[in-house]
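Engineer: Fold the following.
(2 chains)
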Amino acid sequence: MSQLPKIELNSREKEENLFYKILIILSFTALLPLFYTMVDILIRGAISLSFIMKSNLSSLIISGTLNSLIATILPIIIMLLPAFILLYFYSIYNQVKTNRFVKYLMQSFAEFPSLLFVAILYLLNLHSFINNSLALLTIALLMIIFPKFCKMLFDSFDEIDSEIISTAIALGAKNRAVFFKIILPSFSRTVFADLLKIFALTFGLTIPFFAINNFITGKMVFLQETVLSEILKFPYDNQDLILGNAFLLLIVYLLTNITSVLILKK
Amino acid sequence: MINNIINILDYSCSVNGTKILKNINMSVCTNCILSVIGPKESGKSILLKALNRTFELINNSKQSGEILFNAQNINKQNVYKIRQKISLISSKHNLFPRMTILENVLAGYILTNTKIDNITEVKILESALKSVGLWEKLRNSLHTEHQKLNLGDKIKLSIARAIAIYPKVLLLDDITAELDNNDKNDIERIIYELKSTHTIIFVTNDITQAARISDYTAFIADGELIEFGETNKMFTTPNNSMTEKYLIGDNY
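Structural biologist: Numbering: from 1, shown residues only, chains lettered A, B, ... in the order given. Got it, this is the predicted structure:
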């Protein structure tokens, strides 16, 4: 049987290949917290099924939604402006120039904070430090979602037909006009889908913190007192609520992911 | 020299150390049509990018020599104004996807934040669309998206977008390459009509097209200007054997 000829990569392709390999490894490492979360949610969600069968479902929905929404929306709001500022500079460097170094540097940079966070999370057992502190949890979540969102934006930008951008420049447009009038409108739908994905990821990530925190302290973390007292009126202990919460969020996570895929498909 | 709107003096350029254009010397007279012909990857499109000052955006690009526009070095003038005065239309129509037909025609103003009143806007729009023969067809659908237009009309719209900003020179980068004969004839007629108000430099791989509509022709191969002169003369009695071989379809 004749052997297929081996395709020789030129140095540029080899360089790109190496960068992509590094990026893939980094991406997988950065996904560890997500896997951890998913497994955690699956186990707790399965256990919680039995509780849900005999629980008041509305109490689970209220506690789950309030707990996680506060912790989810806050970092997303904080990251939006810096992410778009970074995208602006990324788009300027990559409009017509093919400055691969800057591109790879920025894309690699986007993965590093997640890697760092994983190290801190696993080596120093940060869960206990995040106890009762919305600020700390927000910082921790930002470290995960900010780089991910940036990378999503960069990838979306890379998919825009560069000739459209070149045409705008050839018509005499300045960088700022190209960014606001051509680039942003071109992928507004993609950004929306990316935001949904980030929302789902953050929503999922908040669960272990709540669950672990509740096992340790035995109380709810971020709920306002009035809401907390309402929830505590129900004759179920906090563990039930948290487990129900986990199950609910698993469904939300899946639904938001499916929605974002459907939006992208359109 | 006085009648020449563009003078290219000993112009060379390279990307990543690879020379793309080598010592080009050429003049383009006002209100005439110059066609640039040559094999693929010979540097024709790069010449247009150099004239529009978008070549300098390519990473690791270097240039030497001078390009004079109205006897002034284009590299010493405001880059954004030069890009508007010497307007480049690329081979794909590249209409902006999130803009309506009206916005696309007026994109040169929208993207440069140039304020124009409604009356001027309508005048510019009407004049640009009439120049490309689309006014009657599109006047009632200016606020719709351009996606439903056929390729020929999209190319015409991209010409309208370019002439709406009143450039002095139009650079056309093989814009008829993907068109059928009818649309190709239409575009050639438009180019010929635009000659009265614009200087036109167009790159084409179709030598019969160059013979049909251009006053002057430049033949470029491997980044070198092999021959430049009046189209009739070049096509009947070329000075260079390479030109002759290219024109009759032989390997040179």
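Engineer: what residue ranges in the stretch 151-252 of chain B are flagged as low confidence?
Structural biologist: Across the stretch 151-252 of chain B, residues meeting the criterion (pLDDT under 70) sit at B:250-252.
Engineer: And A:Leu264, what's its pLDDT?
Structural biologist: Predicted confidence (pLDDT) at A:Leu264: the value is 51.
Engineer: Can you tell me which residues in the stretch 101-250 of chain B are near chain A?
Structural biologist: B:Ala107, B:Gly108, B:Ile110, B:Leu111, B:Thr112, B:Asn113, B:Arg161, B:Ala162, B:Ile165 (C-beta under 8 Å from any C-beta of the partner chain). (Each C-beta comes from the backbone N, C-alpha and C, glycine too.)
Engineer: Please name the nearest non-neighbouring residue to the fourth one.
Structural biologist: Right, B:Leu111. Nearest residue to B:Leu111, sequence neighbours excluded (C-beta to C-beta, 6 or more residues apart in numbering or on different chains): A:Ala173, at 3.6 Å.
Engineer: Low-confidence stretches in the stretch 51-200 of chain A?
Structural biologist: Across the stretch 51-200 of chain A (using pLDDT under 70), the flagged ranges come out as A:51-68, A:94-137, A:139-140.
Engineer: how about 90 then?
Structural biologist: Along the stretch 51-200 of chain A, segments meeting pLDDT under 90 span A:51-167, A:169-200.
Engineer: And the helices in it, which stretches?
Structural biologist: Using DSSP state H, counting those that start in this stretch, the helices of the stretch 51-200 of chain A run over A:57-93, A:100-123, A:127-130, A:134-159, A:162-170, A:175-177, A:184-186, A:188-217.
Engineer: got the contact list for residue 198?
Structural biologist: Picked chain A for this. Residues counted as contacts of A:Ile198 (C-beta atoms under 8 Å, 6 or more residues apart in numbering or on different chains) are A:Ile76, A:Ile145, A:Lys148, A:Phe149, A:Met152.
Engineer: Sorry, I should have been clearer: chain B.
Structural biologist: B:Asn31, B:Ile163, B:Pro167, B:Lys168, B:Val169, B:Leu170.
Engineer: Next: B:Leu171.
Structural biologist: Taking C-beta under 8 Å, 6+ apart, one finds B:Leu48, B:Leu51, B:Asn52, B:Ile86, B:Ser87, B:Leu88, B:Ile89, B:Ile201, B:Phe202 in contact with B:Leu171.
Engineer: what helix or strand is it on?
Structural biologist: If you go by DSSP states H and E, B:Leu171 is part of strand B:169-173.
Engineer: State the distance from the closest residue to B:Glu224 other than its chain neighbours to A:Asp161.
Structural biologist: In space, and not counting its chain neighbours, B:Glu224 is closest to B:Lys22: 5.0 Å by C-beta to C-beta, 6+ apart. B:Lys22 sits 31 Å away from A:Asp161 when distances are taken as C-beta to C-beta, to the nearest Å.
Engineer: the more surrounded of these two?
Structural biologist: B:Lys22 (16 against 12; other C-beta atoms under 10 Å in any protein chain shown).
Engineer: and of the contacts of B:His198, the nearest to chain A?
Structural biologist: B:Pro167 (9.5 Å; C-beta to the nearest C-beta).
Engineer: Now do the contacts for that closest one.
Structural biologist: Remark: with contacts taken as C-beta under 8 Å, 6+ apart, B:Pro167 is in contact with B:Gln84, B:Lys85, B:Ile86, B:Ser87, B:His198.
Engineer: rerun at 6 Å
Structural biologist: Contacts for B:Pro167 (C-beta atoms under 6 Å, 6 or more residues apart in numbering or on different chains) come out as B:Lys85, B:Ser87.
Engineer: Regarding it, what is its secondary structure?
Structural biologist: Following DSSP: H, G, I helix; E, B strand; the rest coil, we place B:Pro167 in the coil state.
Engineer: swap in B:Lys156?
Structural biologist: Strictly by three-state DSSP, B:Lys156 counts as helix.
Engineer: Who are the contact partners of it?
Structural biologist: By C-beta under 6 Å, 6+ apart, the contact list for B:Lys156 reads B:Val132, B:Leu134.
Engineer: sorry, back to before: redo the contacts of B:Leu171 as JSON lines? Include neighbour count and secondary structure.
Structural biologist: Listed next are the contacts of B:Leu171 as JSON lines, based on neighbours: other C-beta atoms under 10 Å in any protein chain shown; DSSP: H, G, I helix; E, B strand; the rest coil:
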{"residue": "B:Leu48", "neighbour count": "24", "secondary structure": "helix"}
{"residue": "B:Leu51", "neighbour count": "24", "secondary structure": "helix"}
{"residue": "B:Asn52", "neighbour count": "29", "secondary structure": "coil"}
{"residue": "B:Ile86", "neighbour count": "24", "secondary structure": "strand"}
{"residue": "B:Ser87", "neighbour count": "27", "secondary structure": "strand"}
{"residue": "B:Leu88", "neighbour count": "25", "secondary structure": "strand"}
{"residue": "B:Ile89", "neighbour count": "26", "secondary structure": "strand"}
{"residue": "B:Ile201", "neighbour count": "28", "secondary structure": "strand"}
{"residue": "B:Phe202", "neighbour count": "26", "secondary structure": "strand"}
